[in-house]
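> coords please:
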Amino acid sequence: MDIPYIVGLLFMIGLALYGIFIGIDGAGLPTRTATATVVAREYRGFEKGYQTVIINSTPRMTPHVTGEKHILRLEFAGQRADSVVAKAVFDAVKPNDAVRIAFQKRRLTGLLRSVDVTPP
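Numbering: from 1, shown residues only. Next comes the predicted model:
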């Protein structure tokens, strides 16, 4: 066996183990609800950038647009989580307001994933 073969095999084994870890950590999580406090609000507008795409062996720059995001920073159960929400929800709440949040908590890492945010 030569070195590139061993390195490739180790890389594939590591990738498979990472996929198994992500699957165990996040698959089939129950959705819970709680009351959260809005810590901060953040708006990120449209962003335009460029990507390099190879077409017929020639690199070309193509425009790439990222949509706007309305983000609420929430605190509940002693933890903080960011949640991308609809503009109507973003406009309806202010910092220190209470909101209802549906969330999932990861099994192994304990990270919180926001599923839905609604004003009370």
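
> buried set for the longest strand along the chain?
Secondary structure of the chain per DSSP state E: the longest strand is strand 32-44. With burial defined by 16 or more other CB atoms under 10 Å, the residues of strand 32-44 counted as buried are 36, 38, 41. For glycine as for every other residue, the C-beta is placed from the backbone atoms N, C-alpha and C.

> Okay, strands next: where are they in this structure?
32-44, 47-55, 58-66, 69-76, 79-85, 98-105, 112-118.

> and the longest one, what does it pack onto?
Pointing back at strand 32-44 there. strand 69-76, strand 98-105 (3 or more CB pairs under 8 Å, 6 or more residues apart in numbering; DSSP states H and E).

> Neighbouring strands of the last one in the sheet, and parallel or not?
Put plainly, it is strand 98-105. strand 32-44 (antiparallel), strand 112-118 (antiparallel) (DSSP bridges).

> closest to residue 6 out of the ones you listed?
Closest approach to residue 6 among those (CB to CB): strand 112-118, 36.8 Å.

> Run through who's touching that closest one.
26, 29, 31, 36, 72, 74, 79, 81-83, 85, 89, 99-106 (CB atoms under 8 Å, 6 or more residues apart in numbering).

> Can I get the buried part of the residues you listed as one ChimeraX selection?
Burial among these is assessed by 16+ other CB under 10 Å; the matching ChimeraX selection reads:
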select :36,72,74,81,83,85,89,99,101,103,104,105
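
> To residue 12, which of the strands paired with strand 98-105 lies closest?
Across the strands paired with strand 98-105, closest to residue 12 is strand 112-118 (CB to CB), at 28.0 Å.

> What mean pLDDT does the closest one get?
The average pLDDT within strand 112-118 is 87.

> again with stretch 32-45
92.

> how far out from the middle of the chain is it?
Distance of stretch 32-45 from the chain centroid (CA atoms, centre = their mean, to the nearest Å) equals 14 Å.

> next one: stretch 38-46
With CA atoms, centre = their mean, you get 15 Å for stretch 38-46.

> can you check stretch 74-85 too?
Distance, centroid of stretch 74-85 to centroid of chain: 12 Å (CA atoms, centre = their mean).
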